[in-house]
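Undergrad: sequence first, then the predicted structure, then my questions.
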Amino acid sequence: MPAYQRTALTLLAAAVTATTLATATTASAATTASAAKYRCTTSSASVDNPAYSGPLSDNYNFNVSLCAKRSGGYIYAYANVKFEGPVWYVNQTDVLDAARFHLQIKKSVAGTDPVVKSANYTGLEYKLEHGNTWGNGSYKTGTITYRAGSGKYLADGFIQLDWNNDGKGYRNTYFNASPTV
């Protein structure tokens, strides 16, 4: 093979290798940024229907995971709610006047952590009123996003239930916040 062909092939091979390495490095960096894992905390609470005092079980038992991650200069947060409800509440739309999950992103500081972003997710009411045939179900909120500055942040939130016929409006049930990110 003449020298000029060997030189051309060597240059071509070097260009292909450089392009492949640059693409692999870019893909690796993008994967690392988007693959940040959520950090979650799961806690439980049992909530009694204050408007009912009969012989049947009327508690909702909640397991809530509050999750947060930091990626690309943003904080992302969501909540996953699992519940066990009374069988006799299934398809009963007169047990609750309203229900929602109030999701928050907070900045972690000494003292009370300030809320920097929040959202209400009212789809929880439908899920509670239409659990499976055993009264159980789950609900995942949407994800809220906040452009982060320096410091640590966390996901926090609570369930708000407005029971029918109790005249008290929303009652809050609190859960443990996510680890800081």
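TA: Thanks, I have it.
Undergrad: please make it C-alpha for all contacts and neighbour counts, starting now.
TA: Fine.
Undergrad: does residue 125 sit in a helix, a strand or a coil?
TA: Using DSSP: H, G, I helix; E, B strand; the rest coil, the structure places residue 125 in helix.
Undergrad: buried stuff in stretch 101-118?
TA: The neighbour-count check on stretch 101-118 (16 or more other Cα atoms under 10 Å) flags 101-108, 115, 117-118 as buried.
Undergrad: in strands, which of these fall?
TA: 101-107, 115, 117-118 (DSSP state E).
Undergrad: circling back to that earlier point, got JSON lines for the buried residues of stretch 101-118, with distance to residue 82 and pLDDT too?
TA: Output for the buried residues of stretch 101-118, formatted as JSON lines (distance: Cα to Cα, whole Å; pLDDT from 0 to 100):
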{"residue": "101", "distance to residue 82": "12", "pLDDT": "98"}
{"residue": "102", "distance to residue 82": "15", "pLDDT": "98"}
{"residue": "103", "distance to residue 82": "15", "pLDDT": "98"}
{"residue": "104", "distance to residue 82": "18", "pLDDT": "98"}
{"residue": "105", "distance to residue 82": "21", "pLDDT": "98"}
{"residue": "106", "distance to residue 82": "23", "pLDDT": "98"}
{"residue": "107", "distance to residue 82": "26", "pLDDT": "98"}
{"residue": "108", "distance to residue 82": "26", "pLDDT": "98"}
{"residue": "115", "distance to residue 82": "24", "pLDDT": "98"}
{"residue": "117", "distance to residue 82": "23", "pLDDT": "98"}
{"residue": "118", "distance to residue 82": "21", "pLDDT": "98"}
